[in-house]
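Trainee: quick one, structure for this:
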Amino acid sequence: MITYCPSCRTHFRVHAEQLAARAGQVRCGKCGRVFDALEHLIKETALARASLPKPESEAMRADASNIEPAPGSATREAPELASETPEAAILLEPAIAEPENAESVTASGASAFGFGPVAAATPARRWPWLLGALLLLLILLAQAAYHYRSVITLRFPETRPYAAVLCATLNCELPLPRSIEQMTIEASDLQADTINSNVMVLSATLKNRAIVNQQYPSLDLTLTDAQDQPVVRRVLAPQDYLGKAVNVQAGFAGDSEIEIKVYIEGSRVKATGYRLDRFYP
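Mentor: Next up is the predicted model:
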């Protein structure tokens, strides 16, 4: 098969393998133009017929009519035929996408879409997103640790010294743990005072079953009548049942118990029973 360059009109001999390599896109070995060889194919039979000398009969008819060939007509065809030599065909090469040639890049379908460079750049673009997600995760964990610092020190007592140092740096408070499930009333009793019958004495034993110090709980004392209906209710703060001499801020020592005794004026209260419970306000 023979094709020609639409720019310099140079003819080349091509093979089906060359045309199939780039869907017919080739580069002119003479001027460098990229063109579609399939659109500029020339039948070899037409070229061969044009290169043959005219028959004798046609020459005689030309002489009879006194028509002379135009001067230089044979020489104008020579360059085109000479370009069909194997040397010219060797210069032909398939068009490839090169960065410095915008036309050749457009001629190649794969290079025009540029799948290769995009796919290669995709992994690199993931790093900013991964770093950003990791940073947000660390910030979220730090906020959760700050908000639940008391719970963390309760579940993991070994972390309390580090949390205390951190709170001292951040100028924040590290409240004592408050696990009401581990704060129990082991025993309690409400009796009239032996000296003054108008005074009732509440005695109770509180125990901190946790292994770390906890906040002292508040006590809810409810006096009831014979039908177990509330008659009067009183909330006792830690300072009320411990006394002013005890440092409440130090907390209830872990794995320990204390005895409390509270005097209640009950001359106007007709109560036959009571209920005692603990809670954190």
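Trainee: quick check: closest non-adjacent residue to Ala237.
Mentor: Closest residue to Ala237 apart from its sequence neighbours, by C-beta to C-beta, 6 or more residues apart in numbering: Ser218 at 5.6 Å. The C-beta positions use only the backbone N, C-alpha and C, and glycine is treated the same way.
Trainee: Thr272 against Gln229, yeah?
Mentor: No. At 10.4 Å, Thr272 does not count as touching Gln229 under the criterion of C-beta atoms under 8 Å.
Trainee: so how far is stretch 233-250 off the chain centroid?
Mentor: 51 Å (C-alpha atoms, centre = their mean, to the nearest Å).
Trainee: quick check: end-to-end length of that stretch?
Mentor: With C-alpha to C-alpha, to the nearest Å as the measure, stretch 233-250 spans 28 Å from end to end.
Trainee: all numbers from here: first residue = 863
Mentor: Shifting the count to begin at 863 puts that one at stretch 1095-1112.
Trainee: list the buried ones in that stretch?
Mentor: Burial within stretch 1095-1112, assessed by neighbour count using 16 or more other C-beta atoms under 10 Å, is assigned to 1098, 1100, 1103-1104.
Trainee: list of residues touching it?
Mentor: When contacts are defined by C-beta atoms under 8 Å, 6 or more residues apart in numbering, stretch 1095-1112 is touched by residues 1066, 1075, 1077-1085, 1120, 1122-1124, 1126.
Trainee: kindly report the same for stretch 1040-1058.
Mentor: Against stretch 1040-1058 from outside (C-beta under 8 Å, 6+ apart): 1012, 1016, 1061-1072, 1076-1077, 1079, 1114, 1119, 1125, 1128, 1136, 1138-1142.
Trainee: hang on, isn't Glu1121 packed against Leu1064?
Mentor: No. Taking contacts as C-beta under 8 Å, Glu1121 lies outside contact range of Leu1064: 11.5 Å.
Trainee: so between the two, which is more surrounded?
Mentor: Using other C-beta atoms under 10 Å, the more surrounded residue of Glu1121 and Leu1064 is Leu1064, with 20 against 10.
Trainee: hang on, the more buried one in a strand?
Mentor: Yes. When classified by DSSP: H, G, I helix; E, B strand; the rest coil, Leu1064 is found to be part of a strand.
Trainee: okay, it: pLDDT?
Mentor: pLDDT, the model's per-residue confidence, is 93 for Leu1064.
Trainee: leaving out chain neighbours, which residue sits closest to it?
Mentor: Val1124 (4.4 Å).
Trainee: also Met1045?
Mentor: Once flanking residues are discounted, Met1045 sits nearest to Pro1079: 5.1 Å by C-beta to C-beta, 6+ apart.
Trainee: phi and psi next, for that neighbour.
Mentor: Its backbone dihedrals place Pro1079 at phi -80, psi 160, with angles given as degrees, to the nearest 10.
Trainee: next up, the contacts around it.
Mentor: With the criterion set at C-beta under 8 Å, 6+ apart, Pro1079 makes contact with 1040, 1042, 1045, 1068, 1100, 1140-1142.
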